[in-house]
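Participant: Sequence first, then the predicted structure:
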Amino acid sequence: MLVNGKPYELTETRSIAEILSQLGYDKVPVAVLLNEAVAPSDKLAQIKVNNNDVLEVVTFVGGG
């Protein structure tokens, strides 16, 4: 699978939330696209991904 355009080895089916945690995104607000569609933030623990999927994780940056 790809995460933010980089290969990510997925040895077993995992939820998006599990992958975010492994990548260190579990403590920051993010938006997630799964195969170019927005993944609802309240469903990230239920949505499972596989090796054919593409995730894009977008973090929020404040500023003025």
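Facilitator: That came through, no problem. Numbers count the residues shown, from 1 in each chain.
Participant: Just give the nearest non-adjacent residue to E18, would you?
Facilitator: The shortest distance from E18 to any non-neighbouring residue, by C-beta to C-beta, 6 or more residues apart in numbering, is to A45 (8.0 Å). From N, CA and C alone the C-beta is placed, and that goes for glycine too.
Participant: That neighbour touches A17, doesn't it?
Facilitator: Yes: using C-beta atoms under 8 Å, A45 makes contact with A17 at a distance of 4.2 Å.
Participant: pLDDT at the residue nearest to E18, what is it?
Facilitator: A45 carries a pLDDT score of 97 in this model.
Participant: Can you tell me the element it falls in?
Facilitator: Assessed by DSSP states H and E, A45 sits outside every helix and strand.
Participant: Looking at A45 and A17, which one has more neighbours?
Facilitator: The neighbour count for A45 versus A17, taken as other C-beta atoms under 10 Å, is higher for A17 (18 against 12).
Participant: and the more buried one, helix, strand or coil?
Facilitator: Classification of A17 using DSSP: H, G, I helix; E, B strand; the rest coil returns helix.
Participant: which ones are touching the closest residue to Q46 other than its chain neighbours?
Facilitator: Closest residue to Q46 apart from its sequence neighbours, by C-beta to C-beta, 6+ apart: S15 at 6.6 Å. Contacts here follow C-beta atoms under 8 Å, 6 or more residues apart in numbering; on that basis S15 touches L44, A45, Q46, I47, K48, V49.
Participant: Output these in TSV, with distance to Y25 appended to each entry.
Facilitator: TSV is the format used below for these (distance: C-beta to C-beta, whole Å):
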residue	distance to Y25
L44	10
A45	13
Q46	17
I47	15
K48	17
V49	14
